[in-house]
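Participant: sequence and predicted structure are below.
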Amino acid sequence: MLVSLRIENIALIDHLEVSFADGLNVLTGETGAGKSVVIGAIGIALGGRFDRTLLRDETKDGLVEVLFTLNPETRRRLIEADIVPEDIIQEDEVLITRKLSKNRVMNRINGETVPLSQLKDTAEILINLHAQHEQTTLLKPARHMEILDASDPAVSEQKAEVRSGFQKVQELRRDLERLDVDPGERAKRMDFLNFQIREIRDASLHPGEDEDLEEAFRRMSHAEELTAICQEVALLTGEDTASGCGSQISRAAKRIRDMSRYEPDSPLPEQLSEVEALLSDFNQSLTSYMEEISYDPEELRRISDRLDLLNSLKAKYGRTLEEVLAAADTLEKELETLTKADEETARLRTALEQEMKSLEESAKKLSALRKKAAEPLSKQVTDALLDMNFSHVVFYADITENEEITSEGRDNVVFCLSTNQGEEPKPLHKVASGGELSRVMLALKATLSDVADTPTLVFDEIDVGISGITAQKIGQLLKRLAGTRQILVITHLPQIAAVGDAAYRIDKQVVGEKTITSLTELDEEGRVQELARLLGGDRITDAILQSARELLINA
């Protein structure tokens with residue numbers, strides 16, 4: 001469940017920290033007080049847009065932090081999904097932090113920096129945020145199939161099988177299209193492939209050869225300069241001349257060995273002997289290197305020509321010789337396919353026919369599972385809508401078939417609704433009003449909540465367009481829903497506010513020259529005062545206060 005929320009420097013909020021309770025948490029406040037800012041901040045924590053336009057003070061960092069406690073099932077789902085490694089889940093808690101510093105957003109889970117995708121996947125298991133725009137998406141029939149499929153794990157599993165089969169069919173079709181070319185064009189392509197393959201194979205490439213040749217070319221092309229340098233160094237370090245440091249160090253070593261007659265424990269003779277030995281080794285290496293330096297114009301030309309060839313092949317087929325050789329393998333496979341085009345076409349057509357049959361069966365099974373899942377979904381949503389003060393309601397998922405199979409199967413799914421006796425059910429997007437959409441969305445959320453198994457649900461303005469006894473019914477439904485999970489709901493209706501297990505008021509006030517939004521948990525008397533405000537507006541009488549107390553007691 002969502003334990004706490006911390007917001008810093010976001011919109012009208014300077015600093016806000018609040019702890020939430022289990023069960024039903026109700027948030028109220030006057031229009032413009034900043035209720036949407038609080039919900040928006042939760043959305044940011046779940047991976048929503050977070051940029052500098054949202055900051056209250058652009059010279060300071062923005063921060064949103066949410067702390068969740070995990071039940072055993074949620075912990076298992078996080079670990080099994082390989083979203084959050086077990087070692088960063090500490091004491092069955094998950095702390096999600098998003099901080100905007102300058103133009104960079106840092107995403108952390110329990111202090112560990114994570115990609116935004118990982119943060120979103122984690123949040124999706126922990127909390128579900130229903131914002132007002134979801135009612136608009138409910139008008140889109142494409143969303144209806146997603147909702148139906150989510151209602152039954154068996155449907156989701158079968159849809160994955162259909163998608164896999166559809167992908168295989170598409171790949172086979174693309175392979176056939178590549179082979180379905182004019183015989184003349186195919187012959188031209190085969191000639192060009194033969195030329196490319198010969199060009200690579202005739203070069204007798206060896207991985208690393210270009211690097212060795214470049215080193216040899218560099219040495220040979222500077223042979224004269226290298227020889228001059230080595231000869232000069234040999235004069236300076238050798239023993240052939242009296243001025244060479246080798247001969248001088250040799251004389252010094254002989255002389256300092258006389259010291260041992262007077263200072264037997266002195267380390268100096270041994271140290272100078274080591275210098276003499278090192279210099280002798282160096283001179284031997286220098287002599288060997290000089291013997292290896294050679295300048296042969298013909299050899300240099302051969303190396304240059306070979307490097308030109310290798311670089312030309314790399315420019316055409318790959319950045320390295322390994323990639324050039326791999327390109328030759330690919331070209332040979334394509335040539336073999338074209339050589340056996342008729343045979344390969346027959347094979348692909350047979351494979352496509354088999355995959356199509358398999359896809360047909362998978363799509364047929366998916367359709368059957370969808371129709372099976374539609375029955376309990378329709379009944380549960382209908383029952384939930386009746387509980388929300390529809391005197392008459394018919395709701396069902398209308399499933400029709402397309403001629404063509406897509407990655408979603410062969411079905412079209414449209415939710416149909418009738419709220420009046422004798423009225424033929426029509427597609428949801430043609431008949432539902434704003435208030436009806438709110439109730440349909442809540443009914444769907446209530447129906448799918450057990451399947452989704454999300455421990456925390458957040459509803460923003462779920463009560464748009466409703467009032468009176470309907471509001472009371474929705475409050476009762478939310479209360480039942482909160483019996484198995486944590487609910488946060490923003491409302492302007494007293495009938496819903498009264499049933500909360502915990503209540504919070506969002507206020508906007510001017511402090512100094514700044515407008516600040518705050519969030520306060522209400523005690524019992526505070527709840528009475530807030531319910532009275534919702535019932536009576538600015539004019540709160542004793543009668544309204546008494547009504548507020550009775551509403552709270554009855555709830």
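Facilitator: Sure thing, it's come through.

Participant: gap between the one helix or strand Lys473 maps to and the chain center?
Facilitator: Here Lys473, judged by DSSP states H and E, is contained in helix 468-481. When C-alpha coordinates are averaged (Cα atoms, centre = their mean, to the nearest Å), helix 468-481 and its chain have centres 37 Å apart.

Participant: what is it packed up against?
Facilitator: In terms of contacts (3 or more Cβ pairs under 8 Å, 6 or more residues apart in numbering; DSSP states H and E), helix 468-481 is packed against helix 341-387, helix 434-452, strand 486-490, helix 494-497. Any C-beta I mention is one placed from the backbone N, CA and C, and that applies to glycine too.

Participant: wait, which of the ones you listed is closest to Ala45?
Facilitator: strand 486-490 (12.8 Å; Cβ to Cβ).

Participant: what's that closest one packed up against?
Facilitator: For strand 486-490, the packing partners by 3+ Cβ pairs under 8 Å, 6+ apart are strand 24-28, helix 35-45, strand 456-460, helix 468-481.

Participant: and Tyr262, backbone torsions?
Facilitator: Note on Tyr262: its backbone torsions stand at phi -110, psi -30 [degrees, to the nearest 10].

Participant: what pLDDT does it get?
Facilitator: Here the pLDDT value assigned to Tyr262 is 79.

Participant: if I look at it, how far off is Pro269?
Facilitator: 11 Å (Cβ to Cβ, to the nearest Å).

Participant: so which residues make contact with the helix holding Lys473?
Facilitator: Helix 468-481 is contacted from outside by 24, 384, 387-389, 435, 439, 442-443, 445-446, 449, 457, 459, 462-463, 466, 487, 489, 493-496, 498-499, 555, using Cβ atoms under 8 Å, 6 or more residues apart in numbering.

Participant: mind listing the strands in the stretch 151-300 of the chain by residue range?
Facilitator: For the stretch 151-300 of the chain, no strands are identified by DSSP state E, counting those that start in this stretch.

Participant: so where's it uncertain?
Facilitator: By pLDDT under 70, the low-scoring segments of the stretch 151-300 of the chain are 223-224, 239-243, 294-295.

Participant: just put the helices and strands packed on strand 486-490 in JSON lines and tack on distance to Leu300, mean neighbour count and mean pLDDT.
Facilitator: Output for these, formatted as JSON lines (distance: least, Cβ to Cβ, whole Å; neighbours: other Cβ atoms under 10 Å; pLDDT from 0 to 100):
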{"stretch": "strand 24-28", "distance to Leu300": "82", "mean neighbour count": "24", "mean pLDDT": "92"}
{"stretch": "helix 35-45", "distance to Leu300": "66", "mean neighbour count": "22", "mean pLDDT": "86"}
{"stretch": "strand 456-460", "distance to Leu300": "75", "mean neighbour count": "24", "mean pLDDT": "84"}
{"stretch": "helix 468-481", "distance to Leu300": "84", "mean neighbour count": "20", "mean pLDDT": "85"}
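
Participant: out of these, the one nearest Ile13 is which?
Facilitator: In this view, the helices and strands packed on strand 486-490 are compared for proximity to Ile13 by Cβ to Cβ, and helix 35-45 is the closest at 6.0 Å.

Participant: list the strands paired with the very next helix or strand once past the closest one, with their directions.
Facilitator: Downstream of helix 35-45, the first helix or strand assigned by DSSP H and E is strand 62-69. If you go by DSSP bridges, strand 62-69 pairs up with strand 2-10 (antiparallel), strand 93-101 (antiparallel).

Participant: ok, the residue nearest to the spatial centre of the chain to Gly47 distance?
Facilitator: The residue lying closest to the centre of the chain (Cα atoms, centre = their mean) is Ser117, at 2.2 Å. Counting by Cβ to Cβ, the gap from Ser117 to Gly47 is 8 Å.

Participant: low-confidence ranges in the stretch 1-150 of the chain?
Facilitator: Ranges of the stretch 1-150 of the chain meeting pLDDT under 70: 33, 81, 84-91, 131-137.

Participant: what are the ranges of the helices in the stretch 51-200 of the chain?
Facilitator: 72-80, 116-126, 133-137, 141-150, 153-179, 183-201 (DSSP state H, counting those that start in this stretch).

Participant: looking at those helices, spot the one closest to Thr419.
Facilitator: helix 133-137 (15.9 Å).

Participant: just to revisit the earlier point, CA atoms of the helix holding Lys473 as PDB?
Facilitator: Output in PDB follows, covering the C-alpha atoms of helix 468-481 (Å, rounded to 0.1, in the frame of the first residue of the first chain):
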ATOM      1  CA  GLY A 468     -27.600  12.400  -4.500                       C
ATOM      2  CA  ILE A 469     -28.400   8.700  -4.000                       C
ATOM      3  CA  THR A 470     -26.100   7.800  -6.900                       C
ATOM      4  CA  ALA A 471     -23.200   9.300  -5.100                       C
ATOM      5  CA  GLN A 472     -24.100   7.300  -2.000                       C
ATOM      6  CA  LYS A 473     -24.200   4.100  -4.000                       C
ATOM      7  CA  ILE A 474     -20.700   4.900  -5.500                       C
ATOM      8  CA  GLY A 475     -19.400   5.600  -2.000                       C
ATOM      9  CA  GLN A 476     -20.700   2.200  -0.900                       C
ATOM     10  CA  LEU A 477     -19.000   0.500  -3.900                       C
ATOM     11  CA  LEU A 478     -15.700   2.300  -3.100                       C
ATOM     12  CA  LYS A 479     -16.000   1.200   0.500                       C
ATOM     13  CA  ARG A 480     -16.500  -2.400  -0.500                       C
ATOM     14  CA  LEU A 481     -13.500  -2.200  -2.900                       C
END
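
Participant: angle of that helix against strand 456-460?
Facilitator: Comparing the axes of helix 468-481 and strand 456-460 via axes from the mean of the first three to the mean of the last three Cα atoms, to 10 degrees yields an angle of 160 degrees.

Participant: tell me what Val510 is bridged to.
Facilitator: Bridge pairing for Val510 - DSSP bridges - gives Thr515.

Participant: so how far is Thr337 from it?
Facilitator: 76 Å.

Participant: so what does Phe415 have for phi and psi?
Facilitator: Backbone torsions of Phe415, given as degrees, to the nearest 10, read phi -80, psi 130.

Participant: got the contact list for it?
Facilitator: Each residue near Phe415 by Cβ under 8 Å, 6+ apart is listed here: Leu138, Pro141, His144, Ile147, Phe395, Tyr396, Ala397, Asp398, Pro427, Leu428, Val440.

Participant: filter the residues you listed to the buried ones?
Facilitator: The neighbour-count criterion (16 or more other Cβ atoms under 10 Å) marks Leu138, His144, Ile147, Phe395, Tyr396, Ala397, Asp398, Leu428, Val440 among these as buried.

Participant: tabulate the residues you listed (CSV), appending distance to Ala363.
Facilitator: CSV is the format used below for those (distance: Cβ to Cβ, whole Å):
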residue, distance to Ala363
Leu138, 26
His144, 18
Ile147, 19
Phe395, 26
Tyr396, 22
Ala397, 17
Asp398, 18
Leu428, 25
Val440, 28
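
Participant: and those residues, which is closest to Pro207?
Facilitator: Proximity of those to Pro207 (Cβ to Cβ) peaks at Ile147, which lies at 55.5 Å.

Participant: next one: the spatially closest residue to the closest one that is not a sequence neighbour from Phe395, what distance?
Facilitator: Once flanking residues are discounted, Ile147 sits nearest to Leu444: 6.0 Å by Cβ to Cβ, 6 or more residues apart in numbering. Distance, Leu444 to Phe395, by Cβ to Cβ: 10 Å.

Participant: residues that sit against both of the two, list them.
Facilitator: Here Leu444 and Phe395 have Val381 as joint contacts, going by Cβ under 8 Å, 6+ apart.

Participant: and the contacts of helix 468-481, which of them are buried?
Facilitator: Looks like the contacts of helix 468-481 have 24, 384, 387-389, 439, 442-443, 445-446, 449, 457, 459, 462-463, 466, 487, 489, 493-496, 498-499, 555 buried, using 16+ other Cβ under 10 Å.

Participant: walk me through which strands the longest strand anywhere in the chain pairs with, and which way each runs.
Facilitator: For the chain, the strand with the greatest residue count under DSSP state E is strand 394-406. Strand 394-406 has its sheet partners listed here by DSSP bridges as strand 409-418 (antiparallel).
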